[in-house]
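Q: Next one to model:
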Amino acid sequence: MSTPSRQNEIENLLSNLLIYLNPEYFSPSLADDTKKGSSFNRDIVEKYWKLLTAIDWFVKKISKYPLYFNEFYTSNEKVSNHEALEHHIYAYLEDMETVKNKIVRYITEMKNDIKKVAINKKEVDEALKQWVKDISRVFGSSKLRGDLRHGNYRFVDPYISKAYMAETILNQEELFSRLTEKGVVEVKKNLTESIEEGKNWWSENAKYNYQQIYGLTNKVIEKTKYYLYQLLDIEVLIPK
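A: Just a heads-up that it's a prediction; the model follows:
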């Protein structure tokens, strides 16, 4: 069995919540060390475990998009490479939007719940509101092409557009039959280059955005976990 990797902030927080949810799964010394306050509510702990798990899932999914953009293409002739790239872009944009919404929802739920128990309600409320603004700022500055989010970007993204044009010429007899020998070579070259350039651009874009989102997520959890422990009325068990 390989050695588990070192946990980041969200994984560490999830581990602590899991012990409180299922102390029977762990060693007696750890289970006995579970410290719950009088307002501990397992259902609330489970609620935040699910919210955090969703964030962790989508952040890890986004980390794989450079691989998707570079390598996930079919050999089936019914699906061209530019169509596969287009599919990856759609999925990527949706997952980016989803992870942003998941993080905002986590903070918003905490902001609403902690008002019921916190002594320093105003301080906590202002701090969490600021984090929602920071999240919007980070996602707003990510290297995404804003006009792709809601438009038909097949004719906007230069790589998809160039590939679509080349494929149209090669697949339509009326156009293909009028190509010169040089024209055939150039159009095929354009098709290949546009796909490769598009794969590279979106892969690098995804790498950059992932680093921003990973850092943001870690920072959000680092700065809000103490509010969450206060809300759930539990103590940190790991690391000790």
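Q: Check the gap between residue 200 and residue 47 for me.
A: As for residue 200, its distance to residue 47 is 41 Å (criterion: C-beta to C-beta, to the nearest Å). Bear in mind the C-beta positions are built from the backbone N, C-alpha and C, glycine included.
Q: Can you check the pLDDT for residue 118?
A: For residue 118, the model assigns a pLDDT of 67.
Q: which stretches of the chain have low pLDDT?
A: 1-6, 31, 33, 118-119, 140-156, 240 (pLDDT under 70).
Q: 80 instead?
A: 1-7, 28-34, 115-127, 134, 136-157, 167, 170-172, 176-177, 183-184, 240 (pLDDT under 80).
Q: Which parts of it are helices?
A: For the chain, the helices defined by DSSP state H cover 9-21, 28-32, 42-62, 65-71, 81-114, 121-140, 158-171, 173-176, 181-232.
Q: Give me the buried positions along the fourth one.
A: The one in question is helix 65-71. Within helix 65-71, the residues that count as buried by 16 or more other C-beta atoms under 10 Å are 65, 66, 68, 69.
Q: That one - contacts with which helices or strands?
A: When contacts are defined as 3 or more C-beta pairs under 8 Å, 6 or more residues apart in numbering; DSSP states H and E, helix 65-71 packs onto helix 81-114, helix 181-232.
Q: quick one on the thing from earlier: out of the helices of the chain, which gets nearest to residue 238?
A: Residue 238 lies closest to helix 9-21 among the helices of the chain, at 5.8 Å (C-beta to C-beta).
Q: ok, residues contacting that closest one?
A: Helix 9-21 is contacted by residues 7, 25-26, 30-31, 34, 36, 40, 42, 45-46, 48-49, 52-53, 55-56, 59, 217-218, 221-222, 225, 228, 232, 234, 236-239 when judged by C-beta atoms under 8 Å, 6 or more residues apart in numbering.
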